[in-house]
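1. task: produce atomic coordinates for the following.
(2 chains)
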Amino acid sequence: MVANCEQVCKEISNYVDGDVDAALRSTMDEHFRTCKQCASVLAGTRNVVQLYGDERMLEVPAGFGRRLEKRLAKNTAVDRRAWSSWSAWLVPVAAMALIAGGLQLAKVPTLRNFIRSQHAEPGNNIPPDLVVVVSSGAKLFHVPGCPFIHDKASERTMTAKEAMQEGYFPCTRCLRKYLKTSLTGHPGAEVADDAGVEANEEQRELLSTAGH
Amino acid sequence: MSEPGMVLNNPGQTSTREQDLISSVQGGQHELFYELVRPYERRVYAAALAILRNEQDAEDAAQEAMLKAFANIRQFRAEARFSTWLIQITVNESLMRRRRERTVPMEGIDDRRDEDSDYAPRDFADWREIPSEALERKEVRLRLAEALATLDRKYREVFVLRDMEHLNIQETAEALGITVASVKTRLLRARLMLRDLLAAGWEQGWFSRLPFEKGNKPW
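-> Residues are numbered from 1 along each chain as shown, chains lettered A, B, ... in the order given. Now for the predicted structure:
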């Protein structure tokens, strides 16, 4: 079988992809040996496929990966709630329970006095999923690493929401940024606060990625 | 048109490590999702850019596609290739955005031609292979990208998915919702048009500092 240039050009893309049968391939091979023009088309087509198929042709704008990672971290927690129908209503129920519990506590001054320590202040927008540390015998919860944690040997890790449900109050040093009032002029508080805020940022980012 | 959860009829080519990551994310370790998709972020962006032709839109679509992949990760089945699944979601997202925003694509060099008519190559010089080292030069990559951008979208989309994203013909057809025959026709034309554009680029000196033999074009 003798192929003309038009037939060869029509099949040249399939030929490059190895998508022609043996007979046609043989015919085209023969044609390329004798036709310089079609050989040129074949070489050029192969060049196009090779160059554009190179990984280096896939460029992204500067900072693309960082922005993608940030958006994924920010949004995956929301998507996770959409996965599980039970967790979709669990969150508002838990929030209502917290509010109701808080109102009850406010009505009972003896209990309020019991759970508050001299360092306790009401929380203000503490992220409920913030990882915090509590210890036995103490009434405050802290960010990990806070120098004011009592009895470090008995530390337990939980979320801020869980800590508040168990009656713990935020440490006014390491969680100062979330409190309505803040300590000033307390060198220990400053040190603890700086360290704590940095730790908080990392933990919250990780947790939001994890969907907690 | 395929939905994000669709499993392609493609033999499993997902690596063990990747499969482990997929299983972990499906099992709730969501913090591993970025690690799972990071190797494909450039391919995802390129697919979106091929369809939307605007960097900001492409980045938005790529991010949204990743989030949809995350939301549907439990629908992914091991017999599919994860990269193909991800690209398909990206194509869906990008096509949907283009329809929604009713963007009017710029006319390509061959937009008025009938897809079924033959495309005749224009340059028959005695070319030889362009070394891949040429791609080390940003200028060359830019020129190639510009040449690609001049193609009409129907050719560009097929070319990007097939030759840059390395989907096979069937996957490309499924992703774009067109027939296998259309993919082959468009791919042939896209390749031939790019070949001519590169030939013209040679005349304009795109590869002028490359170590080719004197008197020979690079293919």
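2. list the buried residues of stretch A:54-72.
-> A:57-60, A:64, A:68-69, A:71-72 (16 or more other C-beta atoms under 10 Å in any protein chain shown). C-beta: built from backbone N, CA, C; applies to glycine.
3. just the helices in the chain please.
-> As the question left the chain open, I've gone with chain A. Applying DSSP state H to chain A gives helices spanning A:5-16, A:22-34, A:36-52, A:64-83, A:85-107, A:109-115, A:160-165, A:187-210.
4. think we crossed wires, I meant chain B
-> Under the criterion DSSP H, chain B contains helices at B:16-26, B:33-37, B:41-52, B:55-71, B:82-101, B:138-149, B:153-159, B:169-176, B:180-203.
5. need the contact list for A:Ile126.
-> A:Ile126 makes contact with A:160, A:164, A:170, A:175, A:178, according to C-beta atoms under 8 Å, 6 or more residues apart in numbering or on different chains.
6. got the contact list for the first one?
-> Same thing as A:Ala160. A:123, A:126-132, A:141, A:170.
7. looking at those, which is nearest A:Asp151?
-> In terms of C-beta to C-beta, no member of the contacts of A:Ala160 lies closer to A:Asp151 than A:Phe141, at 13.3 Å.
8. touching, the closest one and A:Ala163? I think so.
-> Yes: contact criterion C-beta atoms under 8 Å: A:Phe141 and A:Ala163 qualify, at 3.9 Å.
9. okay, which residue is most central for chain B?
-> Nearest residue to the geometric centre of chain B (C-alpha atoms, centre = their mean): B:Val160, 2.6 Å.
10. so who does that one touch?
-> B:46-47, B:50, B:148.
11. among those residues, who's most crowded?
-> Each of these was scored for neighbours by other C-beta atoms under 10 Å in any protein chain shown, and B:Ala47 scores highest at 31 neighbours.
12. picking up where we left off before, now the buried residues of stretch A:54-72 as JSON lines including pLDDT and distance to A:Phe148?
-> Formatted as JSON lines, those follow (pLDDT from 0 to 100; distance: C-beta to C-beta, whole Å):
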{"residue": "A:Met57", "pLDDT": "89", "distance to A:Phe148": "56"}
{"residue": "A:Leu58", "pLDDT": "88", "distance to A:Phe148": "51"}
{"residue": "A:Glu59", "pLDDT": "86", "distance to A:Phe148": "50"}
{"residue": "A:Val60", "pLDDT": "90", "distance to A:Phe148": "45"}
{"residue": "A:Phe64", "pLDDT": "93", "distance to A:Phe148": "42"}
{"residue": "A:Leu68", "pLDDT": "93", "distance to A:Phe148": "38"}
{"residue": "A:Glu69", "pLDDT": "91", "distance to A:Phe148": "34"}
{"residue": "A:Arg71", "pLDDT": "90", "distance to A:Phe148": "36"}
{"residue": "A:Leu72", "pLDDT": "90", "distance to A:Phe148": "35"}
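13. near chain B too, which of the residues you listed?
-> By C-beta under 8 Å from any C-beta of the partner chain, the members of these lying near chain B are A:57-60, A:64, A:68-69, A:71-72.
14. can you redo the buried residues of stretch A:54-72 as TSV with distance to B:Asn92?
-> Formatted as TSV, these follow (distance: C-beta to C-beta, whole Å):
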residue	distance to B:Asn92
A:Met57	23
A:Leu58	20
A:Glu59	23
A:Val60	20
A:Phe64	20
A:Leu68	18
A:Glu69	22
A:Arg71	19
A:Leu72	19
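15. what is the nearest of those to B:Arg100?
-> Lowest distance from B:Arg100 to the buried residues of stretch A:54-72 (C-beta to C-beta) belongs to A:Arg71, with 19.9 Å.
16. that closest one and B:Ala62 touch, don't they?
-> No: the pair A:Arg71 / B:Ala62 is not scored as a contact, 10.0 Å apart, by C-beta under 8 Å.
17. if we can go back for a sec, nearest to chain B among the contacts of A:Ile126?
-> Nearest to chain B, judged by C-beta to the nearest C-beta, of these is A:Ala160 at 19.2 Å.
18. relative to B:Glu31, how far out is that closest one?
-> 19 Å (C-beta to C-beta, to the nearest Å).
19. which residues does the residue nearest to A:Cys38 when sequence neighbours are not counted contact?
-> Distance criterion C-beta to C-beta, 6 or more residues apart in numbering or on different chains; nearest residue to A:Cys38, sequence neighbours excluded, is A:Val8 at 4.9 Å. Residues counted as contacts of A:Val8 (C-beta under 8 Å, 6+ apart) are A:28, A:31-32, A:35, A:38, A:41.
20. just among those, which is most surrounded?
-> In these, the most neighbours by other C-beta under 10 Å go to A:Val41, 27 neighbours.
21. without its sequence neighbours, what residue ends up closest to it?
-> Closest to A:Val41 by C-beta to C-beta, 6+ apart is B:Pro121, at 4.8 Å.
22. the one you found touches B:Arg195, doesn't it?
-> Yes: counting by C-beta under 8 Å, B:Pro121 does reach B:Arg195; the two are 6.6 Å apart.
23. mind giving me the domain ranges of the chain?
-> Unless you meant another one, I'm taking chain A. Following automatic domain parsing, one gets these domains for chain A: A:5-57, A:86-210.
24. nope, chain B please
-> If you go by automatic domain parsing, chain B breaks into B:16-101, B:132-203.
25. redo those domains as TSV? Include mean pLDDT.
-> Compiled in TSV, the domains of chain B are given as follows (pLDDT from 0 to 100):
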stretch	mean pLDDT
domain B:16-101	91
domain B:132-203	90
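26. B:Ile22 touches B:Leu36, doesn't it?
-> Yes: contact criterion C-beta under 8 Å: B:Ile22 and B:Leu36 qualify, at 6.4 Å.
27. so what sits against both of those two?
-> Common neighbours of B:Ile22 and B:Leu36 (C-beta under 8 Å, 6+ apart) are B:Phe82.
28. picking that back up, hey, what's in contact with both of A:Phe141 and A:Ala163?
-> A:132, A:134.
29. out of these two, which sits in the more crowded spot?
-> Taking other C-beta under 10 Å, A:Phe141 and A:Ala163 do not tie; A:Phe141 has more neighbours (31 against 25).
30. pLDDT score for that one?
-> At A:Phe141, the pLDDT value in this model is 84.
31. beta partners of it?
-> Beta-bridge partners recorded for A:Phe141 (DSSP bridges): A:Pro170.
32. contacting residues for it?
-> A:132-134, A:158, A:160, A:163-164, A:168-171, A:175.
33. now those as a markdown table including pLDDT and distance to A:Gly145?
-> Shown next, in a markdown table, are the contacts of A:Phe141 (pLDDT from 0 to 100; distance: C-beta to C-beta, whole Å):
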| residue | pLDDT | distance to A:Gly145 |
| --- | --- | --- |
| A:Val132 | 86 | 11 |
| A:Val133 | 87 | 8 |
| A:Val134 | 87 | 14 |
| A:Met158 | 87 | 16 |
| A:Ala160 | 86 | 15 |
| A:Ala163 | 85 | 16 |
| A:Met164 | 85 | 20 |
| A:Tyr168 | 83 | 17 |
| A:Phe169 | 85 | 19 |
| A:Pro170 | 86 | 15 |
| A:Cys171 | 84 | 11 |
| A:Leu175 | 81 | 12 |
